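Undergrad: make a model of this:
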Amino acid sequence: MARYINLDSAGKNRSNMVRGVAIALKELVQQPKVDAKTRDIVAFIALALLEISKTIDPTVEPWEKRGYWIKADRFRLEWSWAEKMGSRLKSFLNEEDWPEIAMITAQLAEKLSHVKIPSKHRFGTPWDGAWEQIKNQNNHN
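TA: Residues are numbered from 1 along each chain as shown. Next up, the predicted model:
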């Protein structure tokens, strides 16, 4: 039997999402006013942070199975900000509280300042329609 290699690991997904958030933050800074695109970008950032937080447990499960509890706990602690910031951004976006959103995105930019973004990235504009997705989530809850 051949060895199975999972190319879509939680770590790879997390790295891609972090890069996407960094690109979205760069685009957000260039927005002259609050409009539909700005809402889409902030909504994408919030959703991406919540997705990043979902990758933490699958990453640490193998470590916990091997008894690496301290390593798992450190990793969870290192990434605990993602869910907090994602939830706060989502709620502030629903309230249209732009001063708070600006404060959180500034903190997030500082946290992700180490992320290198190539000038010709192929990420596209994944934030298109993200605001609608959040509104639909709110209607279903």
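Undergrad: quick test: name the residue nearest the centre of the protein.
TA: Nearest to the mean C-alpha position of the chain, by C-alpha atoms, centre = their mean, lies L49 at 2.5 Å.
Undergrad: just list the residues touching that one, thanks.
TA: Counting by C-beta atoms under 8 Å, 6 or more residues apart in numbering, L49 makes contact with V21, A82, E83, M85, G86, L89, L108. For the C-beta atoms, the positions are set from N, CA and C on the backbone; glycine is no exception.
Undergrad: okay if I get those as CSV plus pLDDT?
TA: Output for those, formatted as CSV (pLDDT from 0 to 100):
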residue, pLDDT
V21, 93
A82, 95
E83, 95
M85, 96
G86, 95
L89, 95
L108, 96
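Undergrad: what's the neighbour count on the closest residue to L49 other than its chain neighbours?
TA: The spatially closest residue to L49, leaving aside those adjacent along the chain, is G86, at 3.0 Å (C-beta to C-beta, 6 or more residues apart in numbering). Using other C-beta atoms under 10 Å, G86 has 22 neighbouring residues.
Undergrad: which helix or strand lies directly C-terminal to the helix or strand harbouring G86?
TA: Secondary structure from DSSP states H and E places G86 in helix 80-95. Of the helices and strands lying after helix 80-95 in sequence (DSSP H and E), the nearest is helix 98-111.
Undergrad: and the contacts of the one helix or strand in the chain whose mean pLDDT sits lowest?
TA: Here the helix or strand of the chain ranked lowest by mean pLDDT, DSSP states H and E is helix 130-140, holding a mean of 79. Helix 130-140 is contacted from outside by A36, R39, D40, I41, V42, A43, F44, A46, L47, K90, L93, N94, using C-beta under 8 Å, 6+ apart.
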